[in-house]
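Undergrad: got a predicted structure plus its sequence, pasted below:
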Amino acid sequence: MSPLFKKFKNNIGLDDEEKDEEEINDDDEIEEEEEEEEEEEEEEDNEDEEENKKDRKKRKKEEKSKEKHKASSKKTKEKEDWPQSKGQLAADIYETENEFCIQADIAGVSQEDIESFVENNMLVIRGERNEADQTPDKKYYHKECYWGPFSRNTMLPDDINNQKISASFKKGVLTVKIPKKKEEKRKISIEMD
């Protein structure tokens with residue numbers, strides 16, 4: 001552009017319009033850059049929010065895991081406070097018109113290895129099942145049989161005569177029979193005035 005034309009443009013104000021257009025273009029570019037920066041910040045914020053959500057979920061899972069571990073530890077502690085656990089003896093408990101009966105399947109145990117008694121209105125049956133073959137090099141595929149001490153405590157009803165308990169052991173089944181107390185009918189005399 002020639003200097004004369006520039007001077008002419010300046011005199012009639014055309015040069016200012018170009019400057020204004022350039023400024024508008026510059027302002028548009030700045031606005032676009034600012035919008036892009038804002039979008040990037042929003043994306044970063046969204047990513048941060050997603051990361052925060054993931055972190056919160058992870059922390060919640062960790063807290064739940066810790067709570068479960070505490071509960072498990074508490075149960076383990078409670079178990080440690082009690083004597084060593086024994087195998088639970090399966091039993092059928094029923095009553096007839098005259099007696100209260102308990103039958104327990106105790107296979108693999110001799111009669112001498114079983115103990116039963118009544119204490120604090122509770123029938124206690126306990127013993128120990130010893131493994132017949134105690135070879136140390138066994139490699140089990142599946143193991144369901146319980147070997148070791150076992151017990152069963154059964155609360156007895158109030159209407160029994162625990163002085164006349166009988167027990168029998170036949171073919172690996174222990175049967176305990178406890179007679180019920182007979183209700184004594186007592187005549188009550190009525191006085192007349």
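TA: Good, I have the coordinates. Bear in mind that the values here come from a model prediction, so they are computed numbers and not experimental data.

Undergrad: Gly87 - how many residues pack around it?
TA: The burial count assigned to Gly87 is 17, neighbours taken as other CB atoms under 10 Å. All C-beta atoms are positioned from the backbone trio N, CA, C, and that covers glycine.

Undergrad: and for Gln111, nearest residue in space, chain neighbours not counted?
TA: Using CB to CB, 6 or more residues apart in numbering and skipping the chain neighbours, the partner closest in space to Gln111 is Phe169 (4.8 Å).

Undergrad: what's the burial count for that neighbour?
TA: By other CB under 10 Å, 16 other residues sit near Phe169.

Undergrad: quote the end-to-end distance of stretch 91-104.
TA: Taking CA to CA, to the nearest Å, stretch 91-104 runs 4 Å from one end to the other.

Undergrad: is it correct that Glu50 falls within a helix?
TA: Yes - counting by DSSP: H, G, I helix; E, B strand; the rest coil, Glu50 is found in a helix.

Undergrad: how far away is it from Ala167?
TA: Distance of Glu50 to Ala167, given as CB to CB, to the nearest Å: 69 Å.

Undergrad: all helices for this structure, in order.
TA: For the chain, the helices defined by DSSP state H cover 3-12, 14-81.

Undergrad: pick out the shakiest of those helices, pLDDT-wise.
TA: Note on these: lowest mean pLDDT is at helix 3-12, with a mean of 60.

Undergrad: residue contacts, the closest residue to Gln103 other than its chain neighbours?
TA: The shortest distance from Gln103 to any non-neighbouring residue, by CB to CB, 6+ apart, is to Asp92 (4.6 Å). For Asp92, the contacting residues are 101-104, by CB atoms under 8 Å, 6 or more residues apart in numbering.

Undergrad: weed out the non-buried ones from these.
TA: By neighbour count, with 16 or more other CB atoms under 10 Å, the contacts of Asp92 hold 102, 104 as buried.

Undergrad: so how far is Glu115 from the most centrally placed residue in the chain?
TA: Centrality entry for the chain: nearest residue to the mean C-alpha point is Lys68, 6.7 Å, by CA atoms, centre = their mean. Distance, Lys68 to Glu115, by CB to CB: 39 Å.

Undergrad: over to Phe169?
TA: Distance from Phe169 to Glu115, by CB to CB: 12 Å.
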